[in-house]
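Asks: Compute the structure for the input listed below.
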Amino acid sequence: MDDKGEKTGSVKVSCAKSEETANNKEWSVIVATAPLEKIEILKIERPASVENDTLPTSVCKEWQQELTKQKIKYIFENSEKYPDSVLPYGDGYYFLPCVVKGELKSDGAKWHFSINAAATAVWSNDNNENIAWGCDERGCSELFILPYNAMGETEFD
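Replies: Numbers count the residues shown, from 1 in each chain. Predicted coordinates for the structure are as follows:
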């Protein structure tokens, strides 16, 4: 909720000065929250990918085939919703030319989705609304070709 008590899809976490440490700095951070929604995967599309320098077609096809309705639901249930529908590229997330698309229903509303093989996704609807998602949970790392990488090094070292 924001300062006016309205839902915003994020929460502000703050810390006043700590009395127990030498580092008595105040801090706050905005954390995106995923709503507790009932998600039903209605349709999955696996678009053809094009061979390129970044990713061989065979790797993309294998990933696409392994992404079942259950795994897609898991991804969205464990992803963070990003404010202002901005994908968090460069903040531990990357982009690959490989996607799985489809349709889902969330709390009764129908959405189109596109999941990138690099742990990000976008929902869009017919009202031109978009929601950006990023999955940085440990359980998501095995579901992507290029998982979230917070430190710019190997995931979960």
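Asks: Centre-most residue in the protein?
Replies: Geometric centre of the chain, nearest residue: residue 134, 1.9 Å, by C-alpha atoms, centre = their mean.
Asks: pretty sure it contacts residue 149?
Replies: No. Using C-beta atoms under 8 Å, residue 134 is not in contact with residue 149, being 11.4 Å away. C-beta here means a position set from N, CA and C on the backbone, and glycine is covered the same way.
Asks: Would you check how far apart the residue nearest to the centre of the chain and residue 59 are?
Replies: For residue 134, the distance to residue 59 equals 21 Å [C-beta to C-beta, to the nearest Å].
Asks: now do residue 148
Replies: Residue 148 is 18 Å from residue 59, by C-beta to C-beta.
Asks: By mean pLDDT, flag the weakest helix or strand of the protein.
Replies: Within the chain, confidence by mean pLDDT, DSSP states H and E is lowest for strand 27-32 among all helices and strands, at a mean of 51.
Asks: ok, the helix or strand just after that one: who's next to it in the sheet?
Replies: For strand 27-32, the following helix or strand on the C-terminal side (DSSP states H and E) is strand 39-45. With DSSP bridges as the test, strand 39-45 is paired with strand 99-106 (antiparallel).
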